[in-house]
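# got a sequence here, can you model it:
(chains A and B, ligands or ions: 2)
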Amino acid sequence: MSGILTYALHYEGAFNKNSLGAVSEGAKLAAELGGEAAVVVVGGDDLTDEMCAGLGSYGAAKVYRARAPEGLGAPVVDVMAKIFADGDYGYALFGGGLLGFEIGAGLTARLHAGVTMEVTQVKAQDGKLVAVRPILQDSAIVDVEYVSEPGIIIGRLNAFEISQSGGGPAEVVDVDVTLEEHSTKATMVQRGEQRGADVNIEDADLLVAGGRGLGKAEGFELCEELATALGGTVAATRAVVDAGWYPYAAQIGQTGKTVAPKLYLAAGISGAIQHKVGMQASENIVAINKDPNAPIFEFSDLGIVGDLNKILPKLTEAVKAKKGG
Amino acid sequence: MKICVLVKEVPDAAVEKRIDHASKRIDRSGEKNLNPFDTHAIEAAMQVKEGGVVEVEEVVAVTMGPESAFRALHKAVSLGADRSIHLTDDALAGSDCCATGYALAKVLAEESPDLVLLGQQSDDGECYTMGAIVADHLKMPSLTQVIKMDVEEGKLRCERQAEYGYDTVEISLPAVISVGDAINEPRYPSLKAIMGAKKKQLDTKAVGDAGIEADRVGESGSRTSVLAINPPPAKQAGEIIEDEDTNETVEKIVAWLDERKLLA
Ligand SMILES: Cc1cc2nc3c(=O)[nH]c(=O)nc-3n(C[C@H](O)[C@H](O)[C@H](O)COP(=O)(O)OP(=O)(O)OC[C@H]3O[C@@H](n4cnc5c(N)ncnc54)[C@H](O)[C@@H]3O)c2cc1C
Ligand SMILES: Nc1ncnc2c1ncn2[C@@H]1O[C@H](COP(=O)(O)O)[C@@H](O)[C@H]1O
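Ligands and ions are numbered 1, 2, ... in the order given. Prediction:
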């Protein structure tokens, strides 16, 4: 069983970038194992033949298309479980994202399969796949093998590179799946709601990012003043976006934006993995945190252990003075 | 309505987490605590119970773990759970996510809950998967990372952040929900509740009591196996400034930024 099945999430007529990374990676690995690279897509009429066949350019040989609600895990588990039962696939591979976790987990239960998550690299060894996963806040890296097939691999955000291999159109196969009863018991009422202002953090050269350490919504004023002085933009963590302190469009991380500015300056941010994956490619990383053990200091170029309430206002003044002078 | 909350005992945040290289497992000796993310799940259960929309007969905390894990259950009970169940057996040691989810689902199935709540992640394992694994075994709908949960008769209305923004999802009960840490502010246990925790019913179960097939759990029943543990690639340590005199600190930061031409 050497084939690899990936899942491609889509929204408003476009496939998710991390899914395309998974499709590319799946194609590469399938070639190494000598099996077929196939992709599962789930949705409605928006999944046109052309859109599906286009996954061939990322290396997919076959695309299984199923009509079912998109955006929820269980229907996709039903579809993938059926394809595993009927086909010759040894692994399921997911890009970083929320849904990949839910679908991968559901498949683990359904197929009694091993699962690894937050995977940063996959190696083909002796005809099998080995997943590489950092654990304990990236302080160690484990190589995990699967005792049996199928194996489920859930990637870390941005772990798999998108590569257009220049392959021709993929074969599109419609699959008919009767959903399990429990898979019909969740309904999407509203999807992709944007909360707060529409700001652009992806094109900024300089970002001042604020986290829960700001203490309250008004704490963001300190970040905004510094960002203005620097000529930059303000970004945020999920913790403060979920709390309603700052708009969703400014969020960096697994369920937010991926950025790579010249300067990323964090104030009151712990540096959780799901945040780190969205900003670790930044050129210069500066962190202000009062906890000397905060994980963010593990990957910052300049770390300041101290109270942001004392440091930010003075830093803003000093930047203004420097730039003015 | 009956609510089961899954809770886990994890190494205390203040204790450095390490790996035991002999067993290739996380070293779980040292100070232990209730997984902080699970306190949000217990709080969510208490808010449903106290919310008055539905009648909650019972909140039951459930854990699978070594003998010491009863302490996580005591903590859960002091935060409001009515009783608890401890699944513990040498045969479970070394279980991977697949095996753990199967075993927990077996215990939950015997309780027939209307709602199963979990934390968004375990502080040590960080698998983010237990909710959806347990749900598929129980044949219940599920949603993870939920930050708002409104209970209505026979169903839930949930909100969570997914790939493209906030999703609102309606789920009929029974269901499995893992809650994000933004869903609530967990309460502190009262001294009286802490003192009374030991008196509340705690059932200990072994693999045989819960109808768990022994060959599907533990190290031998797991579907993954750790081949090697390596240190992360060496990275040049960043510069650290301890802020003592803020004027001086700020001067250093500005010089650092200026050197890298970030103040142009
Ligand atoms: C599936 C999933 C997806 C996720 N997606 C994302 C995502 O897209 N983006 C994201 O950011 N997170 C995401 N998260 C959440 C992530 O795990 C963290 O919870 C979050 O990033 C923490 O945000 P924070 O650093 O603002 O808060 P905290 O972790 O609470 O950190 C606050 C920090 O502020 C410091 N502090 C407090 N007061 C002060 C002070 N006065 N001066 C200086 N420092 C101070 C504290 O020491 C602490 O380190 C996701 C989690 C999951 C499970
Ligand atoms: N051994 C366990 N016993 C009980 N609950 C658990 C156990 N492991 C994980 N959980 C629950 O599953 C949630 C997610 O954990 P994880 O999938 O390991 O990140 C935790 O917050 C707990 O609620």
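# residues in contact with the residue in the stretch 101-250 of chain B that ligand 2 sits nearest to?
Nearest residue of the stretch 101-250 of chain B to ligand 2: residue B:119, at 2.5 Å (C-beta to the nearest ligand atom). C-beta here means a position set from N, CA and C on the backbone, and glycine is covered the same way. Residue B:119 is in contact with B:6-8, B:35-41, B:178-179, counting by C-beta atoms under 8 Å, 6 or more residues apart in numbering or on different chains.
# the same query, at a cut-off of 10 Å, please.
Counting by C-beta atoms under 10 Å, 6 or more residues apart in numbering or on different chains, residue B:119 makes contact with B:5-8, B:10, B:34-42, B:44, B:128, B:130-131, B:178-181.
# residue A:194: how many residues sit nearby?
12 (other C-beta atoms under 10 Å in any protein chain shown).
# which strand or helix spans the residue nearest to the residue of the stretch 101-250 of chain B closest to ligand 2 when sequence neighbours are not counted?
Spatial nearest neighbour of residue B:119, chain neighbours left out: residue B:37 (3.3 Å); criterion: C-beta to C-beta, 6 or more residues apart in numbering or on different chains. Assessed by DSSP states H and E, residue B:37 sits inside helix B:36-51.
# do the same with residue B:109
Counting by DSSP H and E, residue B:109 is part of helix B:97-111.
# could you pull out the buried residues of that helix?
Neighbour-count burial for helix B:97-111, counted by 16 or more other C-beta atoms under 10 Å in any protein chain shown, picks out B:97-108.
# show me where chain A has helices.
Using DSSP state H, the helices found in chain A span residues A:17-33, A:49-53, A:73-86, A:98-111, A:220-230, A:238-242, A:273-276, A:308-324.
# how about stretch B:91-99 and chain A, touching?
Yes. Contact of stretch B:91-99 with chain A (C-beta under 10 Å from any C-beta of the partner chain) involves B:96-99.
# with stretch B:223-237 instead?
Yes. Using C-beta under 10 Å from any C-beta, stretch B:223-237 reaches chain A at B:223-233, B:235-237.
# mind checking which of these are in strands?
Those of those mapping onto strands are B:224-230, per DSSP state E.
# identify the residue nearest residue 81 in space, chain neighbours excluded?
All of this is about chain A. Among residues not flanking residue A:81 along the chain, residue A:110 sits closest, at 4.8 Å (C-beta to C-beta, 6+ apart).
# could you do chain B instead?
Sequence neighbours aside, residue B:61 is the residue nearest to residue B:81 in space, at 4.1 Å (criterion: C-beta to C-beta, 6+ apart).
# for the one you found, give me phi and psi.
phi -90, psi 140 (degrees, to the nearest 10).
# list the beta-bridge partners for it.
Beta-bridge pairing of residue B:61 under DSSP bridges involves residue B:5, residue B:84.
# where in the chain is pLDDT low?
In the absence of a named chain, chain A is used. Low-confidence segments of chain A (pLDDT under 70): A:1, A:325.
# that's the wrong chain, I wanted chain B
B:14-17, B:28-30.
# neighbours around residue B:94, how many?
18.
# roughly how far apart are it and residue B:7?
20 Å (C-beta to C-beta, to the nearest Å).
# go on, residue B:150?
Residue B:150 is 23 Å from residue B:7, by C-beta to C-beta.
# neighbour count: those two, which is higher?
More crowded of residue B:150 and residue B:7, by other C-beta under 10 Å: residue B:7, with 30 against 14.
# for the more buried one, list the residues it contacts.
Residues in contact with residue B:7 (C-beta under 10 Å, 6+ apart) are B:34-35, B:37-39, B:41-42, B:61-65, B:69, B:72-73, B:75-77, B:79, B:81, B:84, B:117-119, B:122.
# kindly recompute the last result at 7 Å.
B:34-35, B:38, B:61, B:63, B:72-73, B:76 (C-beta atoms under 7 Å, 6 or more residues apart in numbering or on different chains).
# try residue A:256
Contacts of residue A:256 (C-beta under 7 Å, 6+ apart): A:238, A:278.
# per-domain residue ranges of chain A.
Domain assignment for chain A, taken from automatic domain parsing, gives A:3-184, A:196-324.
# so for ligand 2, which of those sits nearest?
domain A:3-184 (7.9 Å).
# hmm, the closest one in reach of ligand 1?
Yes. For domain A:3-184, a contact with ligand 1 is found by C-beta under 6 Å from any ligand atom, at residue A:98.
# show me which residues of chain B sit near ligand 2.
Residues of chain B lying near ligand 2 (C-beta under 6 Å from any ligand atom): B:6-8, B:35, B:37-38, B:41, B:63-65, B:100, B:104, B:118-119, B:121-122, B:125-130.
# the residue nearest to residue B:81 contacts residue B:77, correct?
Yes. Counting by C-beta atoms under 7 Å, residue B:61 touches residue B:77, with 6.4 Å between them.
# which residues do the two both contact?
Residues touching both residue B:61 and residue B:77 (C-beta under 7 Å, 6+ apart): residue B:84.
# of these two, which one has the most company?
Higher neighbour count among residue B:61 and residue B:77: residue B:61, with 31 against 27, using other C-beta under 10 Å.
# roughly how far apart are the more buried one and residue B:136?
Counting by C-beta to C-beta - residue B:61 and residue B:136 are separated by 22 Å.
# touching, residue B:1 and residue B:114? I think so.
Yes. Counting by C-beta under 7 Å, residue B:1 touches residue B:114, with 4.5 Å between them.
# any of the residues of stretch B:223-237 next to chain A buried? List them.
By neighbour count, with 16+ other C-beta under 10 Å, those hold B:223-224, B:226 as buried.
# and residue B:220, how many neighbours?
For residue B:220, the neighbour count with other C-beta under 10 Å is 13.
# can you tell me the helix or strand for it?
helix B:218-221.
# same question, residue B:159
Assigned by DSSP H and E, residue B:159 falls in strand B:155-162.
# please enumerate the strands of the stretch 101-250 of chain A.
For the stretch 101-250 of chain A, applying DSSP state E, counting those that start in this stretch gives strands covering A:114-119, A:121-125, A:128-135, A:140-146, A:151-155, A:171-175, A:186-193, A:206-210, A:233-236.
# same list (the ones you listed) but as a markdown table, adding mean neighbour count and distance to residue A:95.
Listed next are those as a markdown table, based on neighbours: other C-beta atoms under 10 Å in any protein chain shown; distance: least, C-beta to C-beta, whole Å:
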| stretch | mean neighbour count | distance to residue A:95 |
| --- | --- | --- |
| strand A:114-119 | 26 | 10 |
| strand A:121-125 | 16 | 12 |
| strand A:128-135 | 21 | 14 |
| strand A:140-146 | 20 | 18 |
| strand A:151-155 | 29 | 5 |
| strand A:171-175 | 15 | 21 |
| strand A:186-193 | 16 | 18 |
| strand A:206-210 | 27 | 24 |
| strand A:233-236 | 28 | 22 |
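# mind listing what residue B:43 touches?
Here residue B:43 is in contact with B:184, B:186-187 (C-beta under 7 Å, 6+ apart).
# what distance do you get for the residue found closest to residue B:230 once you drop the neighbours it is linked to in the chain to residue A:264?
The spatial neighbour of residue B:230 that comes closest, neighbours along the chain excluded (C-beta to C-beta, 6+ apart), is residue A:141 at 4.8 Å. Separation of residue A:141 from residue A:264 (C-beta to C-beta): 24 Å.
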